[in-house]
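Participant: what follows is a predicted structure for the sequence shown.
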Amino acid sequence: MFQDRWLYAVHGFSASDGWMHRFKQRFGLRVKAVTGEKASVNVEAYLNFKKVLQKKIQEMQLSLSQVFNADESALFIKLLATRSIVTCDETVASGRKQNKTRLLFRQWFHEEFVPAVRKFSAERGLEPKALLVLDNCTSHYDVDESLQSDDGLIQVIYLPPNVTAECQPMDQAVINAVKRKYKRKLMLALILENEHLSFEERLKKVNLQQCISWLATSWEEISDKTIRNSWKKLIDGLPEDAVNVDSKAADDDFKALVSRIDSLAGTKTSEQDIDLWIKDQVYDADHNPDWVTSEVFSDDEILSSVLKKDQPEMQEEWLVDTEDGSNSFDTSITSTGDPDFGDAIKSIDCLVRYMKHDVAEVCRLNALRSKITEVEWLKRAC
């Protein structure tokens, strides 16, 4: 800021944002994000918020099943542990979608969250009220009024600054658990499906519908124990859950999958690479360890993307939904005896295409598809 004012005072020059962006690019100037949020946690604010949250729960007369948390996280849907798997015609890393469309948070709250809470309450015989815990990201705030349902029974409470890494429930292993399950499904598909194709061609076959299905199934597989444990930093007195004794077996299985991917792709992935991948600590396009997982857009960019809906968006191959099933196996089943893995997957894919207008059934079929793939991997691992 001081430099800008000096330039203007001496030379009558004022740099625009675009000029400054190009200047930094030209000379390799970078603004680094400080990692390791826990180092700057405001412990006093965190402890005070615990008391405020408990008081709010009591005032609203809520059960713990009526207290919710939401947080955002980026997911590189085709990124693998090794950084050398990039096809020759890809100019950007797979999964880094470039269009800037965003669902505004207020719209999500009123059109998605509130109806979901009311449905959840009705199914369990509860009064339709709830409390949503959010971090203090500016996109979560409503400038004109408090963010709440039209009847005031579903409200929001905000975490204070600099405590998110310490006590944000979704950050306490939940998001990581979902992503780990997703990455496992991605690897299983690349290993077991389209075995007649090269690894690069298999990677290209992964489409957006599959990615959404894997992500949805991964969320459904998250255990109650994981959810409960995520709240222990904010709510005292939750039941103690036994330590997962199978964690080493799960880690060994994950490493075996990565090793198989290396064998197919002709790459070599170190344990450090695997660890960074699991933590989503990926390198940027310049191979700098920024751990950038999502792009931050200004208010003007967000408004522009919403108001200019009629403009065509860039469409990549993996976004195209093919009607002929070319993103998976061909539909012909050649086995005359007991069906094998390929026959089972072809059958599921055929049913998915047939039921494509019934979202609930498609979700169930895709969950079954993931289960079949899991069973096949366990068979081959024995």
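Facilitator: That came through fine.
Participant: for the rest of this, base every contact and every neighbour count on C-alpha atoms.
Facilitator: Noted.
Participant: show me what the longest helix seen in the chain is packed up against.
Facilitator: Ordering each helix of the chain by length in residues (DSSP state H) puts helix 359-381 first. For helix 359-381, the helices and strands in contact under the criterion 3 or more CA pairs under 8 Å, 6 or more residues apart in numbering; DSSP states H and E are helix 174-192, helix 208-220, helix 341-354.
Participant: got the residue ranges for the helices in the stretch 1-150 of the chain?
Facilitator: Counting by DSSP state H, counting those that start in this stretch, the segments of the stretch 1-150 of the chain that form helices are 2-11, 17-26, 43-59, 105-108, 114-123.
Participant: among these, which gets the worst mean confidence?
Facilitator: Mean pLDDT is lowest for helix 2-11 among the helices of the stretch 1-150 of the chain, at a mean of 45.
Participant: of all the helices and strands packed on helix 359-381, which one is nearest Lys279?
Facilitator: For Lys279, the closest of the helices and strands packed on helix 359-381 is helix 174-192, at 7.1 Å, according to CA to CA.
Participant: which residues touch Gln210?
Facilitator: Residues near Gln210 by CA atoms under 8 Å, 6 or more residues apart in numbering: none.
Participant: report the separation between it and Leu264.
Facilitator: Gln210 is 21 Å from Leu264, where distance means CA to CA, to the nearest Å.
Participant: same check, this time on Leu104
Facilitator: In this view, Leu104 and Leu264 are 41 Å apart by CA to CA.
Participant: what does Gln281 give?
Facilitator: Gln281 is 24 Å from Leu264, by CA to CA.
Participant: what of Asp150?
Facilitator: Distance from Asp150 to Leu264, counting by CA to CA: 55 Å.
Participant: so those two - more neighbours on which side?
Facilitator: Taking other CA atoms under 10 Å, Asp150 and Leu264 do not tie; Leu264 has more neighbours (14 against 10).
Participant: the more buried one falls within a helix, correct?
Facilitator: Yes - the assignment for Leu264 by DSSP: H, G, I helix; E, B strand; the rest coil puts it in a helix.
Participant: that one reaches Glu200, doesn't it?
Facilitator: No - Leu264 is beyond contact range of Glu200, at 9.4 Å (criterion: CA atoms under 8 Å).
Participant: quick one: residues contacting the residue lying closest to Leu215 once chain neighbours are set aside.
Facilitator: Excluding its sequence neighbours, the residue lying closest to Leu215 (CA to CA, 6 or more residues apart in numbering) is Tyr182, at 5.7 Å. For Tyr182, the contact set (CA under 8 Å, 6+ apart) comprises Trp214, Leu215, Ser218.
Participant: look up how far Phe199 lies from Tyr182.
Facilitator: 19 Å.
Participant: same thing with Pro128?
Facilitator: Distance of Pro128 to Phe199, computed by CA to CA: 50 Å.
Participant: give me the contact list for the helix or strand hosting Arg260.
Facilitator: Arg260 is part of helix 247-265, with elements assigned from DSSP states H and E. With contacts defined as CA under 8 Å, 6+ apart, helix 247-265 is touched by 81, 85, 184, 187-188, 190-191, 199-200, 267-269, 274.
Participant: in the very next helix or strand once past that helix, what counts as buried?
Facilitator: For helix 247-265, the following helix or strand on the C-terminal side (DSSP H and E) is helix 271-278. Within helix 271-278, the residues that count as buried by 16 or more other CA atoms under 10 Å are Asp273, Ile274, Trp277, Ile278.
Participant: about what we covered before: confidence score at the residue nearest to Leu215?
Facilitator: 94.
Participant: Tyr158 against Leu134, yeah?
Facilitator: Yes - between Tyr158 and Leu134 there is a contact at 4.9 Å, judged by CA under 8 Å.
Participant: neighbour count for the two, which is higher?
Facilitator: Higher neighbour count among Tyr158 and Leu134: Leu134, with 21 against 15, using other CA under 10 Å.
Participant: can you report how many residues lie near Glu127?
Facilitator: Using other CA under 10 Å, Glu127 has 13 neighbouring residues.
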